[in-house]
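Engineer: the following comprises the amino acid sequence and a computationally predicted model.
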Amino acid sequence: MNMDGWNLNSTYAELPGIFYRRQKPVCVDNPVMVVFNDELARDLGLDADRLRNAADIFSGSKLPHGSKPISLAYAGYQFGHFNKLGDGRAVLLGEQTAPDGGIFDIQLKGSGITPFSRGGDGLAALQPMLREYIISEAMHYLGIPTTRSLAVVLTGEDVYRERVMPGAVLTRVASSHIRVGTFNYISMYGTTDDLQKLADYTINRHFPWLNHADDKYLHFFRETALLQASLITKWQLTGFIHGVMNTDNMAISGETIDYGPCAFMDTYDPDTVFSSIDSNGRYAYKNQPMIGAWNLSRLAESLLPLFDEQPEKAVEIANAEIENYRNEYNENLLNGMRRKIGLFNEEPEDAELITELLDFMFKNELDYTNTFRFLPYTIDNETWNKKWHTRLERQRQNQRDVIDLMTESNPAVIPRNHRVEEALAAAEGGDYNVMFNLLEALRNPFTESDIYSQPPELTACKYKTFCGT
């Protein structure tokens, strides 16, 4: 470990060459630090005071001690179609061992052309990188598993998209960058031996206790599916829409990864889509659980040779696990919704009560977050209110207990789209205070805020987000 606190290893680079390519980030002349995550740096064992102004490191112009940079190979079923991909604008600097023993990938995003760039420039613009910083930090404080952002640096160079934009590099921190798409890639282009090496590496990295289990690859798939069921449940409960749930954007670790065309719902509508390229609504809010199952099916297909030597038996095993995912998700969601409306125990009619509430919210175009936060005051429906209060009376907890449960289950502050856009526009103009104020509010999502709890004014224009590539 050096004076800055870097404690980097490169175990992924010990896998066969098909998994990655050696790649240094591109140097830039005048990098400037925009935002640095002191808290995260300290959690990683880094010296925040020394690194806070180290724009040269976080732009890629200078490698941290112990770094052996690589770009990762992976594929992805993008909108249902298989594509050969890889880190087209990202470089993995290494794996940082934190003081608590945790291991975290440190990746630069927007650091230049790689062998996987597919004709792109390998660069990133300031606004999309700040969006990822803002949304990933919001997710963290909401208690939703996520990659996190350590820094955003201006490169001092222009990036050409639909307009000229200031270039930037994001430093992303993840439990790993192993994706469903990584297994898709190795299954398609590698050997069964390569596939087994990837599975063994992933088990050692994320599920080491499975090394002592019989059928460890089946258990690996099961653990991955349970993590996805838990993650997507939390998305649904907070109204988060990922936007691009391709298999290359599903992390095996169960963390939310790649904040491109993502956003939180304001007005409740199950058909909500934010991505500018999702014209058919494949990744709409209501479809996210189903797409989770679809992606896991693609993972299962890649793992079939490790499940059983007999193809029919392997498929039978995989189908059973996908059904377990669906059951786990449905149970998680129902229990989560119970908490959001103050229910401690379970009754068979709860699902109907929740469905009636959501239907009322949809028909009356109610705000998703604030309706749950202020439920006793926002539902102008005597029939439903009577059912709800009768149901509350059939549990032993008192009114104070109910209010406390609802308060801790329903955030008051989310990264509202209009507030995020306001922060991004100000930042591109050189004013970062709007963003810093928003980030401060997002650190306390269950505390009321006069400014950040308010939904936007109604508009006829639907909110759209873009991938930023």
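Structural biologist: Looks like it came in fine.
Engineer: the closest residue to residue 433 other than its chain neighbours: what secondary structure?
Structural biologist: Nearest non-adjacent residue to residue 433, counting by C-beta to C-beta, 6 or more residues apart in numbering: residue 426, 7.5 Å away. Where C-beta positions appear, they are placed from N, C-alpha and C, glycine not excepted. Going by DSSP: H, G, I helix; E, B strand; the rest coil, the secondary structure assigned to residue 426 is helix.
Engineer: check contacts around residue 426.
Structural biologist: Residue 426 is in contact with 432-435, counting by C-beta atoms under 8 Å, 6 or more residues apart in numbering.
Engineer: burial of residue 204, as a residue count?
Structural biologist: Per other C-beta atoms under 10 Å, the neighbour tally for residue 204 reads 12.
Engineer: just checking, next helix/strand downstream of the helix or strand it falls within?
Structural biologist: Here residue 204 sits within helix 192-206, counting by DSSP states H and E. With elements assigned by DSSP H and E, the helix or strand that comes after helix 192-206 is helix 216-238.
Engineer: that following helix vs helix 192-206, what angle?
Structural biologist: Orientation of helix 216-238 against helix 192-206 (axes from the mean of the first three to the mean of the last three C-alpha atoms, to 10 degrees) gives an angle of 60 degrees.
Engineer: distance from the chain centre to helix 216-238, please.
Structural biologist: Averaging C-alpha positions (C-alpha atoms, centre = their mean, to the nearest Å) puts helix 216-238 13 Å from its chain's average.
Engineer: so what touches the following helix or strand past it?
Structural biologist: Following helix 216-238 in sequence order, the next helix or strand is strand 240-241 (DSSP H and E). Identification of contacts with strand 240-241 by C-beta under 8 Å, 6+ apart yields 139, 144, 234-235, 262-265, 272-274, 283-285, 288.
Engineer: direction included, what does strand 240-241 pair against?
Structural biologist: Strand pairing for strand 240-241, determined by DSSP bridges: strand 263-264 (antiparallel).
Engineer: what's in contact with the strand it pairs with?
Structural biologist: Counting by C-beta under 8 Å, 6+ apart, residues outside strand 263-264 touching it are 238-241, 243, 274, 369, 414-417, 420, 463, 465.
Engineer: repeat that for 10 Å
Structural biologist: Counting contacts by C-beta atoms under 10 Å, 6 or more residues apart in numbering, the residues outside strand 263-264 that touch it are 131, 135, 138-139, 142, 235, 238-243, 272-275, 368-369, 411, 414-417, 420-421, 463-465.
Engineer: buried subset of these?
Structural biologist: Buried members of the contacts of strand 263-264, scored by 16 or more other C-beta atoms under 10 Å, are 131, 135, 138-139, 142, 235, 238-243, 272-275, 368-369, 411, 414-417, 420-421, 463, 465.
Engineer: mind listing what's buried in stretch 320-330?
Structural biologist: Of all the residues in stretch 320-330, those buried under the rule 16+ other C-beta under 10 Å are 321-322, 325-326, 328-329.
Engineer: what would those look like in CSV with distance to residue 202, pLDDT and secondary structure?
Structural biologist: Formatted as CSV, the entries for these read as follows, by distance: C-beta to C-beta, whole Å; pLDDT from 0 to 100; DSSP: H, G, I helix; E, B strand; the rest coil:
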residue, distance to residue 202, pLDDT, secondary structure
321, 16, 95, helix
322, 19, 96, helix
325, 18, 98, helix
326, 23, 98, helix
328, 20, 98, helix
329, 22, 98, helix
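Engineer: how about the nearest residue to the residue most central in space within the chain, chain neighbours excluded?
Structural biologist: Note on the chain: the residue nearest the mean C-alpha position is residue 256, at 1.7 Å, using C-alpha atoms, centre = their mean. Distance criterion C-beta to C-beta, 6+ apart; nearest residue to residue 256, sequence neighbours excluded, is residue 146 at 4.3 Å.
Engineer: ok, now which ones touch that neighbour?
Structural biologist: With contact taken as C-beta under 10 Å, 6+ apart, residue 146 is in contact with 135-140, 173-175, 231, 234, 251, 254-257, 259.
Engineer: so how far is residue 44 from it?
Structural biologist: Summarising the geometry, the distance separating residue 146 from residue 44, computed by C-beta to C-beta, to the nearest Å, is 15 Å.
Engineer: what's the neighbour count on residue 374?
Structural biologist: When neighbours are defined as other C-beta under 10 Å, residue 374 has 16 of them.
Engineer: run through the stretch 201-350 of the chain and note the low-pLDDT ranges.
Structural biologist: Residues of the stretch 201-350 of the chain meeting the criterion pLDDT under 70: none.
Engineer: quick one: the helices in the stretch 351-469 of the chain, in order.
Structural biologist: Using DSSP state H, counting those that start in this stretch, the helices of the stretch 351-469 of the chain run over residues 368-373, 375-378, 382-393, 399-409, 417-428, 433-442.
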